[in-house]
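Visitor: Attaching a predicted model along with its sequence, questions to come.
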Amino acid sequence: VGDLVKWFLIIVSVLAAADILRLSEISVFLRSILLYFPNVVVAVVIVIIGVLVGNFVQRLVLGAGKTAKLPSIPLISAFARWSVIVFSVLAALVQLQVAASLIQILFTGVIAMLAIAGGLAFGLGGKNYAEHLMTRFRETAEADSHSPKKSNGSNDKEHMMGE
């Protein structure tokens, strides 16, 4: 952050000198740099917050996983941390207007890849369990269709009242 302030002051000083010397092209260039400077500050803030949130998420997942006694929780917590950090870096690059459309396409591709991978993992991994559930459902439905139907209480009452 200190370096950013130093360069900001240097650019402002050189801009003032360029204006005094009536070097309009240099002044326009330096003004464009100064107008871009807030984007740099916001990008740095995004990355700093992303790293802090990533570390918090890692500790949160690690604590919850240890409480639940999950075996691979260090890997999962590290993945959670780096996911948040990478997302914040991508957000910072979008703020800096560095290949924003490329980053958006890349991010969409990664999300689609994760969705497809998750669907395949749960679909193929849960195939046997889904088959078991369907077999139970079919057996229950067949058992219900073969058992004699019980009449509801309203018909019984009507027969009794009519007699």
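Guide: Looks like it arrived, so ask away. Numbering: from 1, shown residues only.

Visitor: for the protein, which spans come out with low pLDDT?
Guide: 1, 147-163 (pLDDT under 70).

Visitor: Tell me where the longest helix sits in this structure.
Guide: Criterion DSSP state H: the longest helix present in the chain is helix 24-67.

Visitor: Name the helix or strand for residue 22, please.
Guide: Following DSSP states H and E, one finds residue 22 outside all helices and strands.

Visitor: and the longest helix of the chain, what does it pack onto?
Guide: Applying 3 or more CB pairs under 8 Å, 6 or more residues apart in numbering; DSSP states H and E, we find helix 24-67 packed against helix 2-20, helix 73-95. Where you see a C-beta, it was placed from the backbone N, CA and C, and this is true even at glycine.

Visitor: Pipe those helices into TSV and attach distance to residue 65 and mean neighbour count per row.
Guide: Shown next, in TSV, are the helices and strands packed on helix 24-67 (distance: least, CB to CB, whole Å; neighbours: other CB atoms under 10 Å):
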stretch	distance to residue 65	mean neighbour count
helix 2-20	38	12
helix 73-95	3	17
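
Visitor: Let's have those helices in JSON lines, adding distance to residue 125.
Guide: Formatted as JSON lines, the helices and strands packed on helix 24-67 follow (distance: least, CB to CB, whole Å):
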{"stretch": "helix 2-20", "distance to residue 125": "49"}
{"stretch": "helix 73-95", "distance to residue 125": "17"}
